[in-house]
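[1] Quick one, fold the following:
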Amino acid sequence: QVLLVESGGGLVQAGGSLRLSCAASGRTFTNYAMGWFRQAPGKEREFVAVIRWSGGLTYYADSVKGRFTISRDNAKNTVYLQMNSLKPEDTAVYYCAAGPRATINREYDYWGQGTQVTVSS
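    Below is the predicted model of the structure:
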């Protein structure tokens with residue numbers, strides 16, 4: 001059984017930082033891509049960032065480029081999303097996802113349960 005478990009969300013003031021973690025288990029992710037998505041109330045789930053387990057190729061949404069950094073620890077089967085200079089518009093439930101393709105679309109095989117990030121102004 002594949003499990004993706006996010007953690008690290010919370011309440012932070014604008015300009016602050018948070019680091020999200022996504023612990024993956026249940027299969028080998030060597031050739032997989034890990035993505036972060038977010039969904040704000042009343043809005044569709046949107047792409048944030050993606051990284052491949054092997055090679056470390058990364059890609060970011062324009063809205064977070066320069067502020068967020070995605071990384072991975074292969075030994076721990078964990079992917080991170082370091083979020084700096086947070087803005088109120090970053091408030092959302094953040095989800096990690098795993099799939100064979102590094103894509104900005106929601107075409108991932110596995111999803112976590114999400115973690116809430118709230119940025120106060």
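[2] hey, let's count contacts and neighbours off CA atoms from now on
    Noted.
[3] A23 reaches G8, doesn't it?
    No. A23 lies out of contact with G8 (CA atoms under 8 Å); the separation is 11.3 Å.
[4] So which of these two has more stuff around it?
    Neighbours were counted for A23 and for G8 using other CA atoms under 10 Å; A23 has more, 18 against 15.
[5] tell me the contacts of that one?
    The neighbourhood of A23, defined by CA atoms under 8 Å, 6 or more residues apart in numbering, consists of 3-6, 76-79.
[6] Let me know the helix or strand that the residue most central in space within the chain is in.
    In the chain, the residue lying closest to the centroid (CA atoms, centre = their mean) is W36, at 2.6 Å. In the assignment (DSSP states H and E), W36 maps to strand 33-39.
[7] so what strands line up beside that strand?
    Sheet partners assigned to strand 33-39 using DSSP bridges are listed as strand 46-52 (antiparallel), strand 92-99 (antiparallel).
[8] and the gap between A40 and I104?
    17 Å (CA to CA, to the nearest Å).
[9] Could you do V2 as well?
    The spacing between V2 and I104, counted by CA to CA, is 21 Å.
[10] again with S25
    Taken as CA to CA, the span from S25 to I104 is 22 Å.
[11] Throw together a ChimeraX command that grabs the buried residues out of the contacts of A23.
    One line in ChimeraX is enough to select the buried ones among the contacts of A23; burial here means 16 or more other CA atoms under 10 Å:
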select :3,4,5,6,77,78,79
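[12] Looking at strand pairing, list the partners for S25.
    Beta-bridge pairing for S25 (DSSP bridges): L3.
[13] Likewise for L20?
    L81.
[14] these two touch, right, it and G10?
    No. Contact criterion CA under 8 Å: L20 and G10 do not qualify, at 9.6 Å.
[15] Quick check on the two: which one has the bigger neighbour count.
    When neighbours are counted by other CA under 10 Å, L20 and G10 differ, and L20 comes out ahead with 21 against 14.
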